[in-house]
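**Student:** need coordinates for the below:
(chains A, B, C and D, ligands or ions: 2)
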Amino acid sequence: MSERIDVSIESKQPEGPSGKRHPNTCPVCESHYRDDELAEAVWVCGQCGHHFSMPARARVDQLADAGSWQEEATEIRSDDPLGFFDLRPYSERLVEAELNTGLGEAIVVGSATIGGHACELAVMDFAFMGGSMGSAVGEKFSRACDSAAERGLPLVSVSASGGARMQEGILSLMQLPKTVAAVEDMHDAGSPLISVMTHPTTAGVLASFATLGDVIIAEPGALLIFAGPRVVQQTTREKLPEDFALSESNFRLGHVDAVVPRPELPSVLTRLLGLFANAQ
Amino acid sequence: MSERIDVSIESKQPEGPSGKRHPNTCPVCESHYRDDELAEAVWVCGQCGHHFSMPARARVDQLADAGSWQEEATEIRSDDPLGFFDLRPYSERLVEAELNTGLGEAIVVGSATIGGHACELAVMDFAFMGGSMGSAVGEKFSRACDSAAERGLPLVSVSASGGARMQEGILSLMQLPKTVAAVEDMHDAGSPLISVMTHPTTAGVLASFATLGDVIIAEPGALLIFAGPRVVQQTTREKLPEDFALSESNFRLGHVDAVVPRPELPSVLTRLLGLFANAQ
Amino acid sequence: MRSEAELRLRERLSKLRSMRLLSGARLDGELERLERQLELMQAEPTEEEIWRSVELARHQDRPYTLDYVERLFEDFFELHGDRAQGDDQAIVAGLGRFEGRTLAVVGHQKGRDLKERTARNFGMAYPEGYRKAMRTMRLADRFGFPVVTLVDTPGAYPGVVAEEHGQGGAIAASQAVMLRLTVPTVACIIGEGGSGGAIAIAVADRVLMQENAIYSVISPEGCAAILWRDASQARRAAEAFKPDAAHCLELGVIDGIVVEPEGGAHEDHDEAARLLGESVREALDELDGVPRDELRRRRRAKFRSLGVYA
Amino acid sequence: MRSEAELRLRERLSKLRSMRLLSGARLDGELERLERQLELMQAEPTEEEIWRSVELARHQDRPYTLDYVERLFEDFFELHGDRAQGDDQAIVAGLGRFEGRTLAVVGHQKGRDLKERTARNFGMAYPEGYRKAMRTMRLADRFGFPVVTLVDTPGAYPGVVAEEHGQGGAIAASQAVMLRLTVPTVACIIGEGGSGGAIAIAVADRVLMQENAIYSVISPEGCAAILWRDASQARRAAEAFKPDAAHCLELGVIDGIVVEPEGGAHEDHDEAARLLGESVREALDELDGVPRDELRRRRRAKFRSLGVYA
Ligand SMILES: [Zn+2]
Ligand SMILES: [Zn+2]
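**Tutor:** Ligands and ions are numbered 1, 2, ... in the order given. This is a model prediction of the structure:
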């Protein structure tokens, strides 16, 4: 039955053989960094170029011009419509996620300028319950679309998600058509979506707004996959291709316009926003 | 340089080892038929089911309800804008084709009913210079689109073509966008195109109106290919797949909605026209 | 949350009750069906009943898309292929006549025997399947044919090639296409409504669900494996995430419940088809006369309203 | 047949001649270019000259699409992939700024050295390439960006996989997409305009052709092999079907000729780009202000008028 799963949340960080690597230790080359070193290097390993997961607020700081960020929809929080209880209550998981990340949900949205170009910005945080998309994420993303549409500006989304928020049951699945509808309304208003996919962008988020980008940019080495790789592995019972479902193979296979290393992202987005600023 | 060819006219009938099989002899099973036997069997071999090429007028008789056919645009003939002369003058080839087929061009168009449903009908004839598409074919097909659009009826096209009419040079290439524009105008007027591809439908006709069918039907064993198989063979230098570019592989590969044996074509078209008669 | 669907149903019921004086047996049956629907809508299923739905939704004799197509649609003409990569048999698409009117039909198709199951890939589609669905729905839009989709899949196929062909992007694009259509659209979950593979063709003006179908973001087994780290806790997982029709209706995810024959749809395919046909007709009737742009606007607004947050 | 293009040019010439009194060297160059264009339009090339065009169009040092892109477009952002099957490097697509305005650019790309030639497949695209082109043009249409295409291909790739992926259908669909756009579109044949592979991206409001480019339904070699049953008769074939710019203009197939540097575009890439840029700007200027629906209507009408019959 496990091959029937097509959405799964894999909220664990990649683990080494030991299974308990420090989050500041590079999983590729084992280099270790202090918090401030990692922040300085926008969470990219100086030795091997590995892209660590990056907190949403740090991403906003990296991309938005200083002082330009105006966060929106901060009041929206997840509810617990099913009274969901697995090994622990969903409501408890939510509180814990908020305490750990300092975020109200797995996404922050707001207005900003990037390289001088006004835009709307929506950034996901994998540390908040694996970046899973529940009703609150769907609503905040949709409001970002509306905000972009109202102001006639592009929306830049930065995704990082293990998939749907299972604890909200079928309502988490409904966030797929909900966010797609928001993007389509925004498209009809003439605003483009620039989708930046970071590690990992999977399942429900990949199968909704992230792949609807008019331009799609991926960070190097990011896992971009609909089903989880373990599920695919179980289905296949064959060795997976070397760079299976990573940004690089997604680029080769025609699903991504560019693979852009994190430090270059601000200048690439500036260029793109400049081009779309010309839209009629 | 020969791999640079992507449109070629192969107007010869398939030949056996002897190279001079009688046109009424089945190239598959060698059964031989009298003219009236072949006509009676709508040019399908009773032994093996091979579909012979079928004259355009016989096709009209097969499909159109008795007495319903009203031919249109009969006055349009090919011109010779380049004064083209290869081994023989183009103008001479045209006269010869008309004498051999009794047709003014490689296509006949007109209005008809099929199974009681009014429609426009455009039928190509491979015997007229390999069913090649020059300015006259393009114009007649386009008028069929207009006629369908004006009367709010579907257009049924039956293609059989070796490709572009080389003797008209670049103007023959221009019949691709010309017929595509006609189909798009017709689509905007709300009329569907039902495309029936018969052996062979290749090159310029495949790369224009034939593949724009809202529904695409192919006859069994028809060669449906953009480049000629000899050209592909030269490019590949490998053995071609068994049923390469035939209707059956085109169906398997997602390019054709149905493979319909010729005797069933009238009833299938009747069903389809009935469904489209409901269009708003 | 359930009020709109319930109100619609109550209205129809009272109309039928008043007509009953004039008409005969058919109306009686109709009345019974609607009363049963109302009952279902008000039910609060137990864990037992939820698990029974999971079992019935997957029952090997349950009617599949083509079982309904052959019973409900005249002159069905199947459309094949995505015009680029192949013809995915896990999804069936075509045109057919329903009560005199041409519709486009798109549905997942499982197989009845081992050979067909393999050919149909157990109803798990590749991107090719969703691209065939999109092509068909765009064609319907061009010619004004309403679209009916029948949803019955464990999920989109989780394979290497499916990923390489862009499974996520195809599912997103198919939803976008459905949200752009300007013809009436009705979806019905007829078996397993499994996650992204289901929603790809379920973004309709009216979303119906058969009494014993399930609709969920993940399979009970998958959910149990991840959250309880034990796939055998599937039953417990199903109770927790409530994939049954009554709960889906309560959450506003579906607009109505389609009655099944006594014991489940597998007990009587003909009757199951008749009941499905009635509900589809009702849904189409409700959508008739709504201007095309307005259909699209309402459809988007409806899906944008789904979710519960604080 | 040539009158419309010639009239436009004569009008511009006389305007420039009157402005000459006010302005300096740049106008002189402009005038010279236009006078040369007019000359080209009135030329009746000999067999010698036609064959010279065939050779120059295929010259190994001739500028390719990316040579023009880097000289004419600022902030170019290349778009990759068709979102389904792959990224075909025989076609380059992207957004860039041309004289302050964002355009979408689509062009065939040949390779300069052996390695790039292989990667670019000698500029012979698969269906994937045309689908990337369509995606880019649709994007441009959505955001109101004019589309410029640069055509330089021996033809669409005649291979097994290309056929299996639907080469004919992709070429037809790409033309249909171009005939549905409501943004200004300019195509220029910059080298070999080879048959279906060329027309797939050449269905534009204004079709230009460089002085030494060729545009034809078949290669001279292919034509000779079929009609003369002897590929070495290529020169004779070329003379017979006249793939040169002057003849294309005479037949109404193109709207203007783009002057090349003395000796051919390969002699001076910068100057070739400058001259191409001037012609593209002129063409875009002519299209400015035409209502979007009207652009499409005129484009379709123009292509529907092509052909000579009795
Ligand atoms: Zn490292
Ligand atoms: Zn035979």
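
**Student:** could you use CA atoms for every contact and neighbour count after this?
**Tutor:** Noted.

**Student:** what about the closest residue to chain D within the stretch 51-200 of chain A, neighbour count?
**Tutor:** Ranked by Cα to the nearest Cα, the top residue of the stretch 51-200 of chain A for proximity to chain D is A:G190, at 6.4 Å. A:G190 sits with 20 neighbouring residues when counted by other Cα atoms under 10 Å in any protein chain shown.

**Student:** now A:Q233
**Tutor:** 17.

**Student:** so it touches A:A245, yeah?
**Tutor:** No: A:Q233 is beyond contact range of A:A245, at 11.9 Å (criterion: Cα atoms under 8 Å).

**Student:** quick check: the residue lying closest to A:H50 once chain neighbours are set aside vs ligand 2, distance?
**Tutor:** In space, and not counting its chain neighbours, A:H50 is closest to A:V44: 5.6 Å by Cα to Cα, 6 or more residues apart in numbering or on different chains. According to Cα to the ion, to the nearest Å, A:V44 stands 69 Å off from ligand 2.

**Student:** is A:V44 bridged to anything, and to what?
**Tutor:** Applying DSSP bridges to A:V44 gives these bridge partners: A:H51.

**Student:** and it, what does it touch?
**Tutor:** When contacts are counted by Cα atoms under 8 Å, 6 or more residues apart in numbering or on different chains, A:V44 touches A:38, A:50-52, A:262.

**Student:** how near is the residue of the stretch 51-200 of chain A closest to chain D to A:L153?
**Tutor:** 8 Å (Cα to Cα, to the nearest Å).

**Student:** again with C:K115
**Tutor:** In terms of Cα to Cα, C:K115 sits 53 Å off from A:L153.

**Student:** what about chain C, any weak spots by pLDDT?
**Tutor:** C:1-3, C:16-28 (pLDDT under 70).

**Student:** using CSV, list the CA coordinates for the one helix or strand C:E286 maps to.
**Tutor:** Using DSSP states H and E, C:E286 maps to helix C:269-287. The C-alpha trace of helix C:269-287 is given here as CSV (Å, rounded to 0.1, in the frame of the first residue of the first chain):
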residue,chain,number,x,y,z
HIS,C,269,-23.6,-1.4,-11.2
ASP,C,270,-26.7,-0.4,-13.1
GLU,C,271,-28.4,1.1,-10.1
ALA,C,272,-25.2,2.8,-9.0
ALA,C,273,-24.9,4.4,-12.5
ARG,C,274,-28.5,5.5,-12.4
LEU,C,275,-28.1,7.2,-9.1
LEU,C,276,-24.8,8.8,-10.3
GLY,C,277,-26.6,10.0,-13.4
GLU,C,278,-29.4,11.6,-11.4
SER,C,279,-26.9,13.5,-9.3
VAL,C,280,-24.8,14.6,-12.3
ARG,C,281,-28.0,15.8,-14.1
GLU,C,282,-29.0,17.8,-11.0
ALA,C,283,-25.6,19.4,-10.8
LEU,C,284,-25.6,20.3,-14.4
ASP,C,285,-29.2,21.7,-14.1
GLU,C,286,-28.0,24.0,-11.3
LEU,C,287,-25.2,25.3,-13.5
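
**Student:** kindly indicate whether the residue of the stretch 51-200 of chain A closest to chain D is helix, strand or coil.
**Tutor:** coil (DSSP: H, G, I helix; E, B strand; the rest coil).

**Student:** any idea how far ligand 2 is from it?
**Tutor:** To ligand 2, A:G190 is 59 Å away according to Cα to the ion.

**Student:** the residue nearest to C:R52 when sequence neighbours are not counted and chain B, how far apart?
**Tutor:** In this structure, C:R52 finds its nearest non-sequential neighbour in C:N212, 7.9 Å apart by Cα to Cα, 6+ apart. Plainly put, C:N212 is 33 Å away from chain B if you go by Cα to the nearest Cα, to the nearest Å.

**Student:** who does the residue sitting nearest the centre point of chain A bridge with?
**Tutor:** Of all residues in chain A, the one closest to the mean position by Cα atoms, centre = their mean is A:S159, 1.7 Å from it. On the basis of DSSP bridges, A:S159 is bridged to A:M197.

**Student:** same check on the one 5 residues further on?
**Tutor:** Per DSSP bridges, the residues bridged to A:A164 are A:M133.
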